[in-house]
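Engineer: Make a model of this:
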Amino acid sequence: MKKACVIGSGFGGLALAIRLQSAGIATTVIEGRDKPGGQAYFWEKDGFTFDAGPTVITDPDCLHELWALSGHDLTQDVELMPVMPFYRLNWMDGTSFNYSNDEAALRREITRLAPEDLSGYDEFLRYCAGVYQDGYVKLGQVPFLDFKSMIKAAPALARHQAWRSVYSVVSSYVRSEKLREALSFHTLLIGGNPMTTSSIYALHHKLEKDGGVWWAKGGTNRLVAGMVRHFERLGGMLRLSDPVSQVHTIGNQATEVETQSGWRERFDAVASNADIMHSYRELLSDNPRGQVMAKKLSAKRFSPSLFVVHFGLKGTWPGIPHHMILFGPRYGELLSDIYDHGVLPRDFSIYLHHPNVTDPSVAPQGMSTFYALIPVAHMGKLPIDWDEVGPVLEKRVLDEVGRRLIPDIHDRIVTRFHYAPKDFEADLNAYQGSAFSLEPILRQSGWLRGHNRDDRIGNYYLVGAGTHPGAGIPGVIGSAKVTAKLMVEDLR
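Structural biologist: Below is the predicted model of the structure:
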């Protein structure tokens with residue numbers, strides 16, 4: 001039996017491991033932290049469950065497929081709960097907009113917000129259906145291993161004007177600024193600036209419209225736990241609390257994986273779900289390829305980081321939905337400050353996560369779990385002391401949530417803590433604290449993104465946010481499908 005190693009147990013790494021194990025390849029997953037999940041880590045404090053990472057589950061079919069490969073059913077390990085509305089968007093003037101795939105309800109919302117844009121919205125949906133078919137169904141699950149593959153994809157990219165940004169395309173269909181923001185903010189959930197991210201990423205509207213938005217009962221961490229349970233059921237091995245220190249090579253072949261504890265094992269193939277810079281600069285530091293790729297990667301644009309405030313409150317708020325976007329006074333200018341100028345603005349927009357309105361199990365009875373997230377520049381652009389700035393910014397974020405939604409928020413706090421760019425770097429080896437790896441712009445997509453199989457070391461593979469097709473749960477699950485196909489073919 002062939003043996004494979006997957007470094008890192010994020011969604012991409014676990015999905016890859018499940019696929020390999022299902023194909024009869026003896027697979028070992030090595031995770032440096034004490035729990036599996038990578039960015040989908042979690043904490044339990046004072047009876048509250050706080051998910052560290054992804055909270056929006058879309059395209060559940062890509063998850064069901066992982067279990068179906070071996071004749072099993074996702075529902076035996078994970079309970080997915082529908083979220084409705086998908087998001088409530090709220091602006092400074094008090095205007096709110098509920099976004100969902102309930103077509104009648106959504107059209108009422110658009111009519112209330114911008115009735116003149118109804119027909120434009122319909123045209124935008126037709127555009128999204130086209131980019132979904134070409135960008136997700138056809139191109140999202142095939143490897144881009146050479147420039148010829150990019151040339152072959154060029155007609156589809158040109159047909160959808162992929163050189164334009166999501167915001168630009170949205171603006172060509174609707175005139176209301178609020179509706180433009182409502183239809184373009186989604187790229188922020190995968191680390192992309194709506195003003196510069198390729199219009200191909202408008203496919204997320206079709207993805208949500210067809211598949212809905214879901215929550216794993218108990219937290220996103222329960223989806224991770226279900227994936228681990230299924231992987232081990234198939235005979236896979238998971239090694240925790242032992243970071244990989246080196247992927248050893250002989251010539252252009254990966255031969256062994258060594259961990260910090262001194263554990264060392266030979267494998268026929270190695271795949272890294274770690275940060276893409278870490279995968280080359282540190283894990284392949286003994287091979288010239290590692291430093292060559294690290295230098296190339298350092299010239300690329302990396303996505304911003306995040307500042308996340310986790311807090312548990314006394315009381316419940318059935319009127320605050322599961323996902324909420326609290327827009328600040330600026331949109332394009334704020335994004336430019338974060339992505340281009342690398343400053344910490346006085347104003348911000350907040351993604352507010354309130355899971356126990358869907359799933360009361362994540363908080364003690366009569367209490368509520370929240371997190372408030374704002375994008376911030378990564379540490380390469382914003383080299384500030386987060387130990388000093390973090391507590392100040394935490395209070396400002398909580399003050400704004402209090403001003404907009406919960407006036408006595410500070411009196412109700414049971415527990416709270418924040419997670420800053422330096423934590424992404426320290427805990428996840430994320431380059432410059434980036435939360436989403438390479439920025440999803442056209443010149444860093446497809447063949448121009450991290451390759452699913454290295455060009456020189458023929459049995460060293462990549463999976464996750466830094467590879468094709470990109471970040472987000474469907475993105476990294478898709479990257480696992482691409483990488484697994486290459487690995488299974490190569491190991492035959």
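Engineer: Just checking, which helix or strand succeeds the worst-scoring helix or strand of the chain on mean pLDDT along the chain?
Structural biologist: Every helix and strand of the chain was ranked by mean pLDDT, DSSP states H and E. The lowest is helix 147-159, at a mean of 68. Sequence-wise, the next helix or strand downstream of helix 147-159 (DSSP states H and E) is helix 166-173.
Engineer: May I have that following helix as CSV, with CA atoms only?
Structural biologist: The C-alpha coordinates for helix 166-173 follow below in CSV (Å, rounded to 0.1, in the frame of the first residue of the first chain):
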residue,chain,number,x,y,z
VAL,A,166,-16.6,42.3,-8.6
TYR,A,167,-17.7,45.8,-7.6
SER,A,168,-17.3,47.1,-11.1
VAL,A,169,-19.5,44.4,-12.6
VAL,A,170,-22.1,44.8,-9.8
SER,A,171,-22.1,48.5,-10.5
SER,A,172,-22.8,47.9,-14.2
TYR,A,173,-26.1,46.2,-13.2
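Engineer: So what's the gap between it and the chain middle?
Structural biologist: 23 Å (CA atoms, centre = their mean, to the nearest Å).
Engineer: contact partners of that helix?
Structural biologist: Helix 166-173 is touched from outside by 117, 120-121, 123-124, 127, 161, 180, 183-184, 186-187, 192, 194-195, 197-199, 201-202, 332, with contacts defined as CB atoms under 8 Å, 6 or more residues apart in numbering. Placement of C-beta: from N, CA and C, glycine included.
Engineer: From those residues, list just the buried residues.
Structural biologist: In these, burial by neighbour count holds for 117, 120-121, 124, 127, 161, 180, 183-184, 186-187, 192, 194-195, 197-199, 201-202, counting by 16 or more other CB atoms under 10 Å.
Engineer: In helices only, show me the residues you listed.
Structural biologist: Assignment to helices by DSSP state H places the following of the buried ones among the contacts of helix 166-173 there: 120-121, 124, 127, 180, 183-184.
Engineer: pLDDT weak spots in the protein?
Structural biologist: Screening the chain residue by residue with the criterion pLDDT under 70, one finds the ranges 138-140, 146-147, 149-150, 152-154, 156-157, 160.
Engineer: Just send the ones in helices among the buried ones among the contacts of helix 166-173 back as CSV, with distance to Leu240 too.
Structural biologist: Formatted as CSV, the entries for those read as follows, by distance: CB to CB, whole Å:
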residue, distance to Leu240
Gly120, 51
Tyr121, 47
Phe124, 45
Tyr127, 45
Arg180, 45
Leu183, 41
Ser184, 39
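Engineer: Quickly name whichever of those residues is closest to Glu31.
Structural biologist: For those, the residue nearest Glu31 by CB to CB is Ser184; the value is 35.2 Å.
Engineer: so how far is Val376 from the closest one?
Structural biologist: When CB to CB, to the nearest Å is applied, the distance between Ser184 and Val376 equals 20 Å.
Engineer: Also Leu428?
Structural biologist: 16 Å.
Engineer: Gly24 now?
Structural biologist: Using CB to CB, one gets 45 Å for the distance from Gly24 to Val376.
Engineer: What ranges does the stretch 251-400 of the chain have for its helices?
Structural biologist: Per DSSP state H, counting those that start in this stretch, the stretch 251-400 of the chain has helices spanning 276-281, 288-298, 332-336, 386-404. These are given in chain order.
Engineer: Of these, which stretch is the most buried?
Structural biologist: Compared across these, helix 276-281 shows the largest average neighbour count, a mean of 25 (mean count of other CB atoms under 10 Å).
Engineer: Run the chain-centre distance for that one.
Structural biologist: 18 Å.
Engineer: who does it touch, helix- and strand-wise?
Structural biologist: Contacts defined by 3 or more CB pairs under 8 Å, 6 or more residues apart in numbering; DSSP states H and E place helix 276-281 against helix 288-298.
Engineer: Tell me which residues are up against the helix it packs on.
Structural biologist: By CB under 8 Å, 6+ apart, the surrounding residues in contact with helix 288-298 are 249, 252, 276-277, 280-285, 431, 454, 456-457.
Engineer: ok, and the most crowded of these?
Structural biologist: Scoring the contacts of helix 288-298 on neighbours with other CB atoms under 10 Å, the highest-scoring entry is Tyr280 at 29 neighbours.
Engineer: quick one: which of Gly24 and Val376 has more around it?
Structural biologist: Ranked by neighbour count (other CB under 10 Å), Gly24 and Val376 place Val376 first, with 27 against 13.
Engineer: Tell me if I'm right that Pro143 and Arg453 touch.
Structural biologist: Yes: in this structure, Pro143 sits in contact with Arg453. The criterion is CB atoms under 8 Å, and the distance is 7.0 Å.
Engineer: Which residues are in contact with each of the two?
Structural biologist: 483, 486.
Engineer: I'd assumed Ala129 was in a strand, is it?
Structural biologist: No: applying DSSP: H, G, I helix; E, B strand; the rest coil, one finds Ala129 to be helix, outside a strand.
Engineer: Is the nearest residue in space to it that is not next to it in sequence in a helix, a strand, or coil?
Structural biologist: Nearest-residue entry for Ala129: Lys206, 5.3 Å, with adjacent residues in sequence omitted and distances by CB to CB, 6 or more residues apart in numbering. Here Lys206 is recorded as helix under three-state DSSP.
Engineer: From Asp411, how far out is Lys206?
Structural biologist: The separation that Lys206 has from Asp411, given CB to CB, amounts to 44 Å.
Engineer: With Asp210 instead?
Structural biologist: In this view, Asp210 and Asp411 are 43 Å apart by CB to CB.
Engineer: domains for the chain, by residue range?
Structural biologist: The chain breaks down by automatic domain parsing into domains covering 3-79+218-300+442-491, 109-210, 305-428.
Engineer: Looking at those domains, spot the one closest to Asn90.
Structural biologist: Closest approach to Asn90 among the domains of the chain is made by domain 305-428 (5.3 Å; CB to CB).
Engineer: what number of residues lie near Phe11?
Structural biologist: The local packing of Phe11 (other CB under 10 Å) involves 31 other residues.
Engineer: So it is in contact with Val224, correct?
Structural biologist: Yes: the pair formed by Phe11 and Val224 meets the contact definition of CB under 8 Å, at 7.4 Å.
Engineer: okay, and the common contacts of the two?
Structural biologist: Shared contacts of Phe11 and Val224, defined by CB under 8 Å, 6+ apart, are found at 37, 40.
Engineer: returning to that earlier point: out of the contacts of helix 288-298, which sit inside strands?
Structural biologist: Residues of the contacts of helix 288-298 located in strands (DSSP state E): Thr249.
Engineer: Next, give me the two most distant ones among the contacts of helix 288-298.
Structural biologist: Of all pairs drawn from the contacts of helix 288-298, the one with the largest separation by CB to CB is Asn252 and Tyr431; the distance is 24.5 Å.
Engineer: Let's have the contacts of helix 288-298 in TSV, adding distance to Leu486.
Structural biologist: Shown next, in TSV, are the contacts of helix 288-298 (distance: CB to CB, whole Å):
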residue	distance to Leu486
Thr249	18
Asn252	16
Ile276	17
Met277	21
Tyr280	18
Arg281	23
Glu282	23
Leu283	19
Leu284	18
Ser285	24
Tyr431	24
Asp454	11
Arg456	15
Ile457	13
